[in-house]
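Trainee: Next come a sequence and a model predicted from it.
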Amino acid sequence: MFRYVCIICLLGLFQPVSAQFVPLDKKAHIEAVNVHLRSLTTDGKQCLEVLKNEGVYQPSQPTYAKIKDVSFINGTIELEVYSSILQGAPEAARGFIGVAFRINNDNTSFECIYIRPRNGRDPDQLRRNHSTQYFAYPDHPFSKLRKEYPGTYESYADMELNTWIPMRIEIHDRTARLYLNGDEQPSLIVNDLKNAFDTKGSIGLFVDNGTQGYFRNLKVTVLED
């Protein structure tokens, strides 16, 4: 609570509206964008399974469950994610799973922060350093950011496959901070989000190649001036 109050103070003119818990068991308000969706119950809680469509091989693409009734510029996105590797997935599959935000109407522009749970405990230190990731569609895929700004838009964080991972992303103008597992300090800080930040957009539950992804307990807090 103390951190939340401080964030609101720092935002100055921005004021919070009430947090919105978004149900993930009603497909009427969820658009499948290059993914398959299935509603499930796990541990007595509703969750949404998201699988990337076959034939969409290029990474850093619009592959998400788009929450159509959320309009978002600045605020906080909280949820739990769970990823497994699909049977027959390529060796490069890392359990890619995360959140897209500020998605425009025709899915031609969005920002995204995701994690690679398989990398979190890999014996190779370089792979560990690629546990979290930011990219911006369409002009800044992860491969371009990694090549031009090595180490700037990804980081290490302890995580693993086949477990529920709490995520919280705090977004204000061109800054985004990713918090994992309830940690007080962010695992990733992005200080220069690449796309325009003055137009409201939707939120998407993102997966990429080889991931069997699950999402639950989605909570969105929007800040408005």
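Mentor: Happy to help now that I have it.

Trainee: Contacts only, for the closest residue to residue 118 other than its chain neighbours.
Mentor: Spatial nearest neighbour of residue 118, excluding adjacent residues (C-beta to C-beta, 6 or more residues apart in numbering): residue 94 at 4.4 Å. From N, CA and C alone the C-beta is placed, and that goes for glycine too. Residue 94 sits next to 116, 117, 118, 119, 130, 210 when contact means C-beta atoms under 8 Å, 6 or more residues apart in numbering.

Trainee: and if we set it to 6 Å?
Mentor: Residues near residue 94 by C-beta atoms under 6 Å, 6 or more residues apart in numbering: 116, 118, 119.

Trainee: Touching, the second one and residue 96? I think so.
Mentor: No - contact criterion C-beta atoms under 6 Å: residue 118 and residue 96 do not qualify, at 9.0 Å.

Trainee: Looking at these two, which has the bigger crowd around it?
Mentor: Of the pair residue 118 and residue 96, residue 96 is the one with more neighbours under other C-beta atoms under 10 Å, namely 26 against 23.

Trainee: now the more buried one, nearest residue through space, not along the chain?
Mentor: Residue nearest to residue 96 in three dimensions, not counting chain neighbours: residue 208, with 3.6 Å by C-beta to C-beta, 6+ apart.

Trainee: cool, residue 24 as well?
Mentor: Counting by C-beta to C-beta, 6+ apart, residue 24 lies nearest to residue 48, which is 4.0 Å off, once chain neighbours are set aside.

Trainee: Tally up the residues packed near the residue nearest to residue 96, please.
Mentor: By other C-beta under 10 Å, the residues close to residue 208 number 26.

Trainee: Quick check: phi and psi on it?
Mentor: Note on residue 208: its backbone torsions stand at phi -140, psi -170 [degrees, to the nearest 10].

Trainee: Point to the residue nearest the middle of this protein.
Mentor: The structure's the chain has its C-alpha centroid closest to residue 99; by C-alpha atoms, centre = their mean the separation is 1.8 Å.

Trainee: Please report phi then psi for residue 142.
Mentor: phi -60, psi -40.

Trainee: Could you check which helix or strand contains the residue found closest to it once you drop the neighbours it is linked to in the chain?
Mentor: In space, and not counting its chain neighbours, residue 142 is closest to residue 135: 4.5 Å by C-beta to C-beta, 6+ apart. With secondary structure defined by DSSP states H and E, residue 135 is part of strand 132-137.

Trainee: contact partners of that strand?
Mentor: Residues contacting strand 132-137 (C-beta under 6 Å, 6+ apart): 60, 110-115, 141-142, 153-155, 157, 187-188, 190, 194-195.

Trainee: could you point out which element follows the helix or strand hosting residue 203?
Mentor: In the assignment (DSSP H and E), residue 203 maps to strand 201-207. For strand 201-207, the succeeding helix or strand toward the C-terminus, using DSSP H and E, is strand 211-224.

Trainee: what lines up beside that next one in the sheet?
Mentor: For strand 211-224, the paired strands and their directions (DSSP bridges) read strand 15-16 (antiparallel), strand 20-22 (antiparallel), strand 45-52 (antiparallel), strand 74-85 (antiparallel).

Trainee: Bridge partners for residue 111, pull those for me.
Mentor: Beta-bridge partners for residue 111, by DSSP bridges, are residue 101, residue 136.

Trainee: Helices of this structure, residue ranges please.
Mentor: 2-10, 125-128, 142-148 (DSSP state H).
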